[in-house]
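Q: Can you look at this prediction? I've put the sequence above it.
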There are 2 protein chains.
Amino acid sequence: MELTLPYDQYLALHRYKYLALYHALRAAILEGTLPGGTRLPSTRRLAELYNLSRGSASQVYEMLLADGYVQGETGRGTFVSEDIFAATHQETHEQPLSPFITNEGGASEAAEYGEPAHLPLSAWGKRLAVASAPARIYEDFGGEVIDFSSKGMQMVHFPYSEWKSALAYAGGKGGTLLESAGPPQGDEGLRRAIAAHLRITRGIRAEAGQIVLFSGSMQGIVLLTQLLLDPGAPAVAEDPGFHGIRRAVEVTGGVLIPGTVDESGLVPEDWNARLLFVTPSRQFPTGAVLPLERRRALLDWAQRHHAVILEDDYDSEFRWTGRPIEPLKALDRGDRVIYIGSFSNTMFAGLRLGYAVLPQPLAGPAVAAKALYEPLAAGLLEQRALARFMNTGGYRRHLRRMTRIYGERGRAFRALLASQLGGLFEPLPGDAGLHVYARWLGRAEAFEAFRAAALRRGAGFRDAGLYRVAPGAPAACFYFSHLDLPSIKEGMRRLKQAWDDVQNAT
Amino acid sequence: MELTLPYDQYLALHRYKYLALYHALRAAILEGTLPGGTRLPSTRRLAELYNLSRGSASQVYEMLLADGYVQGETGRGTFVSEDIFAATHQETHEQPLSPFITNEGGASEAAEYGEPAHLPLSAWGKRLAVASAPARIYEDFGGEVIDFSSKGMQMVHFPYSEWKSALAYAGGKGGTLLESAGPPQGDEGLRRAIAAHLRITRGIRAEAGQIVLFSGSMQGIVLLTQLLLDPGAPAVAEDPGFHGIRRAVEVTGGVLIPGTVDESGLVPEDWNARLLFVTPSRQFPTGAVLPLERRRALLDWAQRHHAVILEDDYDSEFRWTGRPIEPLKALDRGDRVIYIGSFSNTMFAGLRLGYAVLPQPLAGPAVAAKALYEPLAAGLLEQRALARFMNTGGYRRHLRRMTRIYGERGRAFRALLASQLGGLFEPLPGDAGLHVYARWLGRAEAFEAFRAAALRRGAGFRDAGLYRVAPGAPAACFYFSHLDLPSIKEGMRRLKQAWDDVQNAT
């Protein structure tokens, strides 16, 4: 074992090396750096490490033994005493932690905490602390709750053995491929596979060189916002819309212009801005599909204002009826659209892989931005595995199967919502995605009472108010992708009970 | 197959749906969106997708067939013609790409390219484009060169089967663990394993909550610099030093104060700055070890100036003689030191995993910064695999074996350098790490001649001038970790020949 001791400090205080070493070891044991039960180096090794005679090294251990800090067992070596450990270990764990680090999520606490004393943050860091913190993505109600506010998939439907083969393939024979490092832009094979996939399924003509891979689409959104938006500059985002976008704008220092959303999605206006965020294929969270005239109007607006449109196509893969909607990027003749896609929803929650298809003049700056944070591609193993999975057809087969499964669940959910809670919620139409957005038809005050009653009955859903800037009528997001049909039924039964509870109480 | 067509556009132009669909399909084929050989949907599916009668759908295919755009094969379906493809495919690939995206590396080209027309970058984006671009980390001389300027390891020495088991374990039974998503701070198990490892091997007392995992140490360095440094604010970095640090400061907009480095590392001064970057355990690139008095002086300076020290401990794991050096973080009583470590060197090049141990008041802001870009942990599979690898002792065994191997290579390299090129290079002392830093003893002009001659003879090394801000005498970095002993010998023989070439030419 190689151990590091505060030896130099004690050498400055003590005349003899063996005394310095004795004190250094003693301090390390008392401070818990060397926990109880730690096996210490042999006297021969200790002598080597600290340039002592072997006799002096033995003397150090004998002094520690006499004090009870260590225990010697003939033939087995010298160990730090367990009793000493018990006291110091306790102490270590009782150290008060900063309010930030008591919670694993961390980020949401940052908003409530000012600047640390004498460790001043940059203006960016201060904006980070005050910007609206993102909601915890996975709300945690406990074991028994049927939670319509989580998303993701059930791993039972994921072709895990195929994915394992892809991972093994990506590692190479004997791990040879792991030796190499990928470009910051991401594995070229995966970028080619994405380009081919987008060409066929989304009508987007892109070269692999225009695609940059990110560790999740949010990394791409934040980096590109930083690349394009100056502090004080206006940017348009849908309201209601994805809170992560708002946060990206606020932390960069940009000024948010909320864009009106109606039943057909974002309403085009002649905004004075250089950057627009939009979810045309399936507005988040309402699920509205942006009509062609509006898509055209947005592109015209961008052309007139020399603006960039960031199109977030976060879950349109799962369209179970009708035909896919043509993305803005496919209509874009002025090369003004950044298209953002993600594999986090289509594959599994633990795989963080997003990408951007960039206008040609932005491809270089975007790669440079990515390369600043990650000079070599991170997550190369999973990138290569995904390329393999796509190239062998596994991804398409998986999407087809999941689209069928999610379609069944979505239809079942809508039917149950209509029959059980038809008077309470009005779902917006939709034929894709992983969630249903539904307006609350009752009084606003009753919404919170219902949400609380639902939790008491063991059913959760997401308050869509999270996604709003302007005040508006209550609404809910119901995610169904992670729930099988019996769970959806049971969840709806609980919601119905909860509403009965609310009515009985009033 | 789900395909997306510019249907809506044509619907606006043509009176009948079938005509709009005909033109939309024709355009998609001509533009290469539907490449030759693509199988088109059945007439039944086409009718469904576009809400036509089946007869109209058949008519569309018959028109395309008559024009030669598609080929129909009885019982097999309708396919896009290959001839059409040949022309359009050619055209697609001949599109001129932006200067950025012709090269996979990308980042280094960004510096030579201004702002794209009408797509204005933010001030941050502009700084990104002009800041000194990082050198390509893996220089590429071709197949036959023995390249002392690369680093990394030979995968033959990596315990790949153990790592594969760890990956399989991390995936869980049937992939169940992949379903879940980790906190932005990184997998808690790995953070605990790192805390335990640092406590024993580096004398650092840290809780898992003070550790944040990054996709490589550079991501951590850039994010923390952004968190702490304002545009216009001064920051101290070693000169010579890691160019990535300089770039992090420049892109953030900070003002770089070069810190003098002598044979003992960074020379403490009373800088007027709030941020200092230092490599005390093994100065990069010289390999100097910072003496205790200087380490103390830096901590005192930080205390007086309310400054933060970012300590980059990039490769001190591989210390093959003597005892490990105590990091600043272990001496830090004022909680002013951020300790940065990495697994990219100790594991393999494709694994991008770094971490920061933070002062308690900075832990929360650092997690918030990470969470902004990555709301859920990226690379969770590899994080969990590494935790398993560490907890089962695989990592320690691997480090021990590699330390022995690198020690042999380092000693062999030094001996050969002394015997073959003793008059040309003076290596700085060192007993750790993956490279030797050596001053050039000849005339400055001869250095470039030698480097060029070496490349002609098939041997490369890194010009350490890359790491300097102030002008200075030439020096070289020789990485040996990826070369076995015969290759090191052969490389040195080539360097010797190259020097003979230079002398014969003059």
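A: That came through, no problem.
Q: Give me the domain ranges for chain A.
A: A:7-94, A:99-130, A:146-152+A:397-505, A:172-392 (automatic domain parsing).
Q: mean confidence for the second one?
A: Here the mean pLDDT over domain A:99-130 is 54, rounded to a whole number.
Q: still on that earlier bit, most packed of the domains of chain A?
A: Sort the domains of chain A by mean neighbour count, taking mean count of other C-beta atoms under 10 Å in any protein chain shown, and domain A:172-392 sits at the top with a mean of 22. For the C-beta atoms, the positions are set from N, CA and C on the backbone; glycine is no exception.
Q: And that domain, end to end?
A: 16 Å (C-alpha to C-alpha, to the nearest Å).
Q: before we move on, back to that, mean pLDDT lowest for which of the domains of chain A?
A: What stands lowest among the domains of chain A, in mean pLDDT terms, is domain A:99-130, with a mean of 54.
Q: Show the backbone phi and psi for the residue of the stretch 301-450 of chain A found nearest chain B.
A: Among the residues of the stretch 301-450 of chain A, A:Gly364 lies closest to chain B, at 2.1 Å counting by C-beta to the nearest C-beta. The phi/psi pair for A:Gly364 (degrees, to the nearest 10) reads phi -60, psi -50.
Q: what's the answer for A:Gly265, then?
A: According to degrees, to the nearest 10, A:Gly265 has phi 100, psi -150.
Q: residue boundaries of the helices in the stretch 251-400 of chain A?
A: For the stretch 251-400 of chain A, helices defined by DSSP state H, counting those that start in this stretch occupy the ranges A:292-305, A:328-331, A:360-373, A:380-391, A:394-421.
Q: can you put those in JSON lines and add distance to B:Leu328?
A: Output for the helices of the stretch 251-400 of chain A, formatted as JSON lines (distance: least, C-beta to C-beta, whole Å):
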{"stretch": "helix A:292-305", "distance to B:Leu328": "50"}
{"stretch": "helix A:328-331", "distance to B:Leu328": "49"}
{"stretch": "helix A:360-373", "distance to B:Leu328": "24"}
{"stretch": "helix A:380-391", "distance to B:Leu328": "32"}
{"stretch": "helix A:394-421", "distance to B:Leu328": "47"}
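Q: Go through these and name the closest to A:Ala20.
A: Distance to A:Ala20, taken as C-beta to C-beta, is lowest for helix A:360-373 among the helices of the stretch 251-400 of chain A, at 42.9 Å.
Q: which phi and psi does A:Ala307 have?
A: phi -100, psi 160.
Q: so what's it up against?
A: A:Ala273, A:Arg274, A:Leu275, A:Leu276, A:Trp301, A:Arg336 (C-beta atoms under 8 Å, 6 or more residues apart in numbering or on different chains).
Q: And the residue lying closest to the fifth one once chain neighbours are set aside, how far from A:Leu328?
A: Excluding its sequence neighbours, the residue lying closest to A:Trp301 (C-beta to C-beta, 6 or more residues apart in numbering or on different chains) is A:Pro268, at 6.1 Å. Distance of A:Pro268 to A:Leu328, computed by C-beta to C-beta, to the nearest Å: 12 Å.
Q: residues shared between the contacts of those two?
A: A:Leu298.
Q: how about the strands in the stretch 201-350 of chain A?
A: Ranges of strands in the stretch 201-350 of chain A, per DSSP state E, counting those that start in this stretch, are A:211-214, A:234-239, A:255-262, A:265-266, A:275-278, A:308-312, A:337-342.
Q: Let's have the ones you listed in JSON lines, adding distance to chain B.
A: Listed next are these as JSON lines, based on distance: least, C-beta to the nearest C-beta, whole Å:
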{"stretch": "strand A:211-214", "distance to chain B": "9"}
{"stretch": "strand A:234-239", "distance to chain B": "11"}
{"stretch": "strand A:255-262", "distance to chain B": "13"}
{"stretch": "strand A:265-266", "distance to chain B": "14"}
{"stretch": "strand A:275-278", "distance to chain B": "10"}
{"stretch": "strand A:308-312", "distance to chain B": "6"}
{"stretch": "strand A:337-342", "distance to chain B": "10"}
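Q: Out of those, which gets nearest to A:Gly430?
A: strand A:265-266 (11.8 Å).
Q: Run the chain-centre distance for stretch A:320-335.
A: What separates the centre of stretch A:320-335 from the centre of its chain is 26 Å, taken as C-alpha atoms, centre = their mean, to the nearest Å.
Q: What's the end-to-end length of it?
A: Stretch A:320-335: ends 30 Å apart by C-alpha to C-alpha.
Q: Kindly report the same for stretch A:283-302.
A: Terminal-residue distance, stretch A:283-302 (C-alpha to C-alpha): 19 Å.
Q: picking that back up, from the contacts of A:Ala307, which single one is nearest B:Arg404?
A: A:Leu275 (54.7 Å).
Q: Distance-wise, check the residue nearest to A:Arg404 when sequence neighbours are not counted relative to B:Pro285.
A: Take A:Arg404 and drop its neighbours on the chain: the residue closest to it by C-beta to C-beta, 6+ apart is A:Trp320, 7.2 Å away. According to C-beta to C-beta, A:Trp320 stands 58 Å off from B:Pro285.
Q: Helices of the stretch 51-200 of chain A, start to end?
A: A:54-67, A:82-94, A:107-110, A:123-130, A:160-171, A:188-202.
Q: Next, format the strands of the stretch 201-350 of chain A as a markdown table and append distance to A:Gln9.
A: Shown next, in a markdown table, are the strands of the stretch 201-350 of chain A (distance: least, C-beta to C-beta, whole Å):
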| stretch | distance to A:Gln9 |
| --- | --- |
| strand A:211-214 | 45 |
| strand A:234-239 | 53 |
| strand A:255-262 | 52 |
| strand A:265-266 | 63 |
| strand A:275-278 | 54 |
| strand A:308-312 | 54 |
| strand A:337-342 | 51 |
